[in-house]
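# Below are the sequence and a predicted model for it; my questions follow.
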Amino acid sequence: MSAHAPTPTHLDAAHSEVALSEFFEGHPVATFAIDARHQVTHWNRACEHLLGWSKTEMIGTDHHWQAFYQRQRPVLADLIVNGQNAQLEQHYAGKYHASTLIPGAYEAEDFFPNLGAGGHWLHFTAAPLRDSAGRVVGAIETLRDVTERRVAENALRRAYDNLEHLVDKRTAQLADMNEQLQEDIRQRHQAEAELRRSNLELTELNDKLSRAQQQLVQADKLASIGQLAAGVAHEINNPVGYIFSNFSTLQGYLDQLFQMLDAYQQAEPALAEAAPAVAAALRAQREQIDLDYLRQDVPALMAESREGIVRVRHIVQDLKDFSRVDTNQEWVWANLHRGIDSTLNIVSNEVKYKADVVKEYGAIPDIQCLPLQINQVVMNLVVNAAHAIGEQRGRITVRTGTEGDGEVWFEVADTGSGIAPDTLARIFDPFFTTKAVGQGTGLGLSLAYGIVRKHGGRFEVDTAPGAGSRFRVRLPVRQDQSVAEAP
């Protein structure tokens, strides 16, 4: 949805034209407006550039459909002017849906083959214009070209499909994909920075809408990373499975070879009498390859390799459990300790160079929760604790316990720099961060706070500058029935 989509507004006849004209001309997003007769009243420069139809060709006509379709059909703004809001989803088989940010508005995303070379994907939002009596007198529609994102998503999907046929080159391909992902993230950060700089010049209303859009972009980014992690875990698990199977078979073969070598050694005395030269050659060969050492070292190497393969399987399983996207997020009874262990395994690379992790688990029952979301809370708290530790190696302690029969708690404590009192009051605010520019989004604790509140829980924070911090999360063992049945 466009960050600059206008909200439905009650404008009087004396000022609406001046206000809309000033708004449209300087607006960086492609935007047009129609009146109650479906005639174009405004068509800004961004719209000319995106659709290729000039303002003089469009204003005063009801032919705006030509910019999108080869034959006449209503666009989203026409349906809103006609008062067909309730029938929009049925009208185009569910393609349009109500906006979650702008009451009374609708949005959609579709492919238009007539735009440019090869067609373009557009994300568009339309909202009604009303007069002082509340009657619909027109509609405003904004359009944003999302072709590059769609192309990138399709390219990434094709890359996933090809992974199954290129397992033998997976290491090099994963390195390339990670490099491309880092480049995509860097470009997205640059785009967000450009968006923030441009939003400084807009009105207070546009600034609020821009922040809302950034939250949606961040949520989409987390979902994409989760999908990538799940896909990578799946692709690694396949080759590890048959490596593990082949390894067991190889162990059996080696045992048989060693048995055969034992038989040869037992036959050496008889061979020395029958063929002394052959026996001497075999003895020299055994001494040259140091057979006795090989018999000791090969089993040790096999045991060490088996341990490494088992560890890889555990890491892959933890990665799949943490970022699973092939299951519905439903309220289930889950083991909190298992989720914490899985999350600590996932973030170990972020923490192991900064601090020692100490687990002090109490006896707690299973709790009714959304496990993946609770894992997200644990991850945010542990990563924040690692970032709070300075140059000297510190300690992160994860504890669990119960409070009566109906409540459990877990906490993450660190030996880091602590939080100043004037900062403490804002740590759960969206987009608030004390990290350097480009190193934090300010959404980690805000998202964690929302998840805990959704579970009927609460946060407790104990901190002081220079004395570290302790974040305790209290959760009910059983959810209220109305919450547990909610989709």
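Yes, it's here. Numbers count the residues shown, from 1 in each chain.
# buried stuff in stretch 134-150?
For stretch 134-150, burial by neighbour count (16 or more other C-beta atoms under 10 Å) applies to Val136, Val137, Gly138, Ala139, Ile140, Glu141, Thr142, Leu143, Arg144, Asp145, Thr147, Arg149. (C-beta placed from N, C-alpha, C; glycine too.)
# Now do the contacts for His120.
Phe111, Phe112, Asp145, Thr147 (C-beta atoms under 8 Å, 6 or more residues apart in numbering).
# Mind doing that once more with 6 Å?
Contacts for His120 (C-beta atoms under 6 Å, 6 or more residues apart in numbering) come out as Phe112, Asp145, Thr147.
# Show me where the stretch 51-200 of the chain dips below the pLDDT cut-off.
Under the criterion pLDDT under 70, the flagged ranges of the stretch 51-200 of the chain are 84-103, 164, 167-168.
# That one: helices as residue ranges?
Using DSSP state H, counting those that start in this stretch, the helices of the stretch 51-200 of the chain run over 55-58, 76-81, 88-91, 147-163, 170-199.
# Throw the ones you listed into JSON lines and include distance to Leu336, thanks.
Shown next, in JSON lines, are those (distance: least, C-beta to C-beta, whole Å):
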{"stretch": "helix 55-58", "distance to Leu336": "60"}
{"stretch": "helix 76-81", "distance to Leu336": "46"}
{"stretch": "helix 88-91", "distance to Leu336": "40"}
{"stretch": "helix 147-163", "distance to Leu336": "32"}
{"stretch": "helix 170-199", "distance to Leu336": "31"}
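# what's the most buried one of the ones you listed?
helix 76-81 (a mean of 23; mean count of other C-beta atoms under 10 Å).
# Tell me the helices and strands packed up against that helix.
Helices and strands touching helix 76-81, by 3 or more C-beta pairs under 6 Å, 6 or more residues apart in numbering; DSSP states H and E, are strand 120-130, strand 136-145.
# Columns distance to Trp331 on top of these, output as a markdown table?
As requested, the helices and strands packed on helix 76-81 are arranged in a markdown table below (distance: least, C-beta to C-beta, whole Å):
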| stretch | distance to Trp331 |
| --- | --- |
| strand 120-130 | 33 |
| strand 136-145 | 36 |
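# right, so of these, which gets closest to Pro299?
Pro299 lies closest, by C-beta to C-beta, to one member of the helices and strands packed on helix 76-81: strand 120-130, at 59.2 Å.
# Give me the distance from the closest one to the chain's centre.
Centre-to-centre, strand 120-130 and its host chain are 27 Å apart (C-alpha atoms, centre = their mean, to the nearest Å).
# what's the answer for stretch 273-286, then?
That offset, for stretch 273-286, works out to 67 Å (C-alpha atoms, centre = their mean).
# Figure out which of the helices and strands packed on helix 76-81 is closest to Arg458.
Closest of the helices and strands packed on helix 76-81 to Arg458 is strand 120-130, at 36.6 Å (criterion: C-beta to C-beta).
# quick one, the closest one and helix 147-163 angle?
Orientation check (axes from the mean of the first three to the mean of the last three C-alpha atoms, to 10 degrees): strand 120-130 against helix 147-163 gives 140 degrees.
# Among the buried residues of stretch 134-150, which pair sits farthest apart?
Longest span within those, C-beta to C-beta: Val137 and Arg149, 34.3 Å.
# Would you mind telling me which of the helices and strands packed on helix 76-81 is nearest Glu287?
strand 120-130 (72.7 Å).
# Alpha carbons of the closest one, as CSV, please.
Only the C-alpha atoms of strand 120-130 are listed here, as CSV (Å, rounded to 0.1, in the frame of the first residue of the first chain):
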residue,chain,number,x,y,z
HIS,A,120,4.3,-3.7,-14.9
TRP,A,121,3.0,-4.7,-11.5
LEU,A,122,1.1,-1.9,-9.7
HIS,A,123,0.0,-1.5,-6.1
PHE,A,124,-2.9,0.9,-5.9
THR,A,125,-5.1,2.3,-3.2
ALA,A,126,-8.4,4.3,-3.6
ALA,A,127,-10.4,6.2,-1.1
PRO,A,128,-13.6,8.2,-1.3
LEU,A,129,-13.9,12.0,-1.3
ARG,A,130,-16.9,13.3,0.6
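# That strand versus strand 136-145: what angle between them?
160 degrees.
# which residues of this structure fall in strands?
Along the chain, the stretches classed as strands by DSSP state E are 30-35, 40-43, 97-98, 106-112, 120-130, 136-145, 332-334, 355-360, 367-369, 394-402, 407-414, 458-463, 469-476.
# Now tabulate these in JSON lines and tack on distance to Arg73.
Formatted as JSON lines, these follow (distance: least, C-beta to C-beta, whole Å):
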{"stretch": "strand 30-35", "distance to Arg73": "15"}
{"stretch": "strand 40-43", "distance to Arg73": "16"}
{"stretch": "strand 97-98", "distance to Arg73": "19"}
{"stretch": "strand 106-112", "distance to Arg73": "12"}
{"stretch": "strand 120-130", "distance to Arg73": "14"}
{"stretch": "strand 136-145", "distance to Arg73": "15"}
{"stretch": "strand 332-334", "distance to Arg73": "46"}
{"stretch": "strand 355-360", "distance to Arg73": "60"}
{"stretch": "strand 367-369", "distance to Arg73": "48"}
{"stretch": "strand 394-402", "distance to Arg73": "59"}
{"stretch": "strand 407-414", "distance to Arg73": "56"}
{"stretch": "strand 458-463", "distance to Arg73": "52"}
{"stretch": "strand 469-476", "distance to Arg73": "52"}
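# Ala175: which of those strands is closest?
strand 355-360 (27.9 Å).
# what comes up buried for the closest one?
So for strand 355-360, counting by 16+ other C-beta under 10 Å, buried means Ala355, Val357.
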